[in-house]
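S.K.: have a look at this prediction, sequence included:
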Amino acid sequence: MRVIALAVVLASLVTGSAMAQPKWAIVVHGGAGVIERADLTPQQEAAYRAAMTKVTKAGGEVLEKGGSALDAIEAAIHLLEDDPLFNSARGAVFTAEGRNELDASIMDGATLKAGAVAGVTRTRHPISLARAVMETSPHVMLMGSGADTFSKETGLEQAEPSYFFTERRWRSLEKFLAEQKLPVPPRPTGPVVADEAAALAHDEGKYGTVGVVALDQAGHVAAGTSTGGTTGKRWGRVGDSPIIGAGNYASDASCAVSATGTGEYFIRLTVAREICALVEHKGLSLQAAADEVVQNKLTALGGDGGVIAVAPDGQMAWSYNTSGMYRARLAAGEPLTVGIYKDEP
Ligand code: ASP
């Protein structure tokens, strides 16, 4: 017993400085899925790593200057939504009807206020629309054409549907529809933004959702998620990303989580809230809670994907049961970590 106690004291002395609470922290994901080394050329890999680095540093800068977790999340997700490498806003996957229907959500851990949109088609930055729902409407979730109207009335930057078009996502749709023996809809018309970067992207099928969680210097956590959903979705399908508690959740009482993966399973397990509940009610560490839900519960149910998380005491975590997840983390005074494959930290 005495030996163990001594070892614990020594371990805490040795790790004492590393364990000190960082004054801010940010974790970013760019989707999880079957991402193996053989799937990516060196240029593709470099493009994803550069994007994850740029986005995480941009969010970190907001936090370093004393900005709120919500501001850091919005700034970082804007970059991801503009980047055709990712399945959010520009670069989003197509529905079976050949449309980009975008979902996003945001939650403020300090107040438990939340905002979400589903199936929106005309807002350049859906994460800002989710934030506007949270901050300027009496509601939590808006959908479809009503949400598009709210976006315009709120004065958010609008985009033609063709702005979201990328050639590789169109090819993914054609492939998916052929496999499903469904008709290919007419190709969207309109001014399409040139898309060299997307030529670098490998075809990872339906994944590529983006999410950011952050802890600010005031000690508040928040979470944001933005996606085009899944390739070839039909019938107004909505995944977990805009569902508060499933794909996104934040509470200063526990943690902030953003998820990516097969949304139906994340909804059924209320993955994001479940992780925070394990932290809050069972006292699990953030990593243990994320692993319990992703590696055990999600896997047992047959779902694929992953999560990122941050806690008010500065703990950061990610967990995924796929072969890869685009991910990065940064905290005050700590080096940036960027990873794609399973064998990386
Ligand atoms: N979770 C998203 C959805 O089901 C997709 C993803 O994260 O790849 O809509």
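M.R.: Thanks, I have the structure now.
S.K.: strands of the chain, residue ranges please.
M.R.: Applying DSSP state E to the chain gives strands spanning 25-33, 102-108, 113-120, 141-143, 210-215, 221-227, 248-250, 256-261, 305-310, 316-320, 324-331, 337-341.
S.K.: need those in JSON lines (columns: mean pLDDT, distance to the ligand and mean neighbour count).
M.R.: C-betas here are computed from N, CA, C, even on glycine. Below are those laid out as JSON lines (pLDDT from 0 to 100; distance: least, Cβ to the nearest ligand atom, whole Å; neighbours: other Cβ atoms under 10 Å):
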{"stretch": "strand 25-33", "mean pLDDT": "95", "distance to the ligand": "5", "mean neighbour count": "28"}
{"stretch": "strand 102-108", "mean pLDDT": "98", "distance to the ligand": "6", "mean neighbour count": "31"}
{"stretch": "strand 113-120", "mean pLDDT": "98", "distance to the ligand": "10", "mean neighbour count": "25"}
{"stretch": "strand 141-143", "mean pLDDT": "98", "distance to the ligand": "14", "mean neighbour count": "20"}
{"stretch": "strand 210-215", "mean pLDDT": "98", "distance to the ligand": "8", "mean neighbour count": "34"}
{"stretch": "strand 221-227", "mean pLDDT": "98", "distance to the ligand": "5", "mean neighbour count": "33"}
{"stretch": "strand 248-250", "mean pLDDT": "98", "distance to the ligand": "10", "mean neighbour count": "34"}
{"stretch": "strand 256-261", "mean pLDDT": "98", "distance to the ligand": "3", "mean neighbour count": "34"}
{"stretch": "strand 305-310", "mean pLDDT": "98", "distance to the ligand": "6", "mean neighbour count": "30"}
{"stretch": "strand 316-320", "mean pLDDT": "98", "distance to the ligand": "11", "mean neighbour count": "24"}
{"stretch": "strand 324-331", "mean pLDDT": "97", "distance to the ligand": "10", "mean neighbour count": "26"}
{"stretch": "strand 337-341", "mean pLDDT": "96", "distance to the ligand": "15", "mean neighbour count": "18"}
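S.K.: looking at the ones you listed, which is closest to Val93?
M.R.: strand 221-227 (8.5 Å; Cβ to Cβ).
S.K.: quick one: the helices in the protein?
M.R.: Along the chain, counting by DSSP state H, helices occupy 2-19, 42-64, 69-82, 126-136, 144-154, 167-180, 196-199, 263-268, 271-282, 286-291, 299-301.
S.K.: next to the ligand, which bits of the stretch 1-150 of the chain? Give me the list.
M.R.: Counting by Cβ under 6 Å from any ligand atom, the stretch 1-150 of the chain comes close to the ligand at Gly31.
S.K.: straight-line length of stretch 135-146, end to end?
M.R.: Start and end residues of stretch 135-146 are separated by 17 Å (Cα to Cα, to the nearest Å).
S.K.: which ones are touching the residue most central in space within the chain?
M.R.: For the chain, the residue sitting closest to the mean C-alpha position, by Cα atoms, centre = their mean, is Gly211 at 1.8 Å. When contacts are counted by Cβ atoms under 8 Å, 6 or more residues apart in numbering, Gly211 touches 28-29, 77, 223-226, 241, 247-248, 258-260, 308.
S.K.: mind putting those residues into JSON lines with distance to Asp108?
M.R.: What follows is the contacts of Gly211, written out as JSON lines (distance: Cβ to Cβ, whole Å):
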{"residue": "Val28", "distance to Asp108": "18"}
{"residue": "His29", "distance to Asp108": "19"}
{"residue": "Ile77", "distance to Asp108": "14"}
{"residue": "Ala223", "distance to Asp108": "9"}
{"residue": "Gly224", "distance to Asp108": "10"}
{"residue": "Thr225", "distance to Asp108": "14"}
{"residue": "Ser226", "distance to Asp108": "16"}
{"residue": "Ser241", "distance to Asp108": "17"}
{"residue": "Gly247", "distance to Asp108": "16"}
{"residue": "Asn248", "distance to Asp108": "11"}
{"residue": "Ser258", "distance to Asp108": "14"}
{"residue": "Ala259", "distance to Asp108": "18"}
{"residue": "Thr260", "distance to Asp108": "21"}
{"residue": "Ile308", "distance to Asp108": "17"}
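S.K.: for these, which one is nearest Pro126?
M.R.: Using Cβ to Cβ, those come closest to Pro126 at Ser226, 5.4 Å.
S.K.: so where is the stretch 101-250 of the chain shaky, pLDDT-wise?
M.R.: 194-206 (pLDDT under 70).
S.K.: next, count neighbours for Ser145.
M.R.: Residues lying near Ser145 (other Cβ atoms under 10 Å) number 12.
S.K.: how near is it to the ligand?
M.R.: 20 Å (Cβ to the nearest ligand atom, to the nearest Å).
S.K.: now do Leu40
M.R.: 17 Å.
S.K.: please apply the same query to Gly232.
M.R.: The gap separating Gly232 from the ligand is 12 Å, by Cβ to the nearest ligand atom.
S.K.: again, but for Gly91
M.R.: Per Cβ to the nearest ligand atom, Gly91 is found 12 Å from the ligand.
S.K.: burial check on that residue, number of neighbours?
M.R.: By other Cβ under 10 Å, neighbour count at Gly91 equals 27.
S.K.: my guess is it contacts Pro84. True?
M.R.: Yes. Counting by Cβ atoms under 8 Å, Pro84 is a contact partner of Gly91 at 3.6 Å.
S.K.: check contacts around the residue lying closest to Val117 once chain neighbours are set aside.
M.R.: Leaving aside its sequence neighbours, Val117 sits nearest to Ala147 (Cβ to Cβ, 6 or more residues apart in numbering; 4.6 Å). For Ala147, the contacting residues are 117-120, 129, 133, by Cβ under 8 Å, 6+ apart.
S.K.: much appreciated, bye for now.
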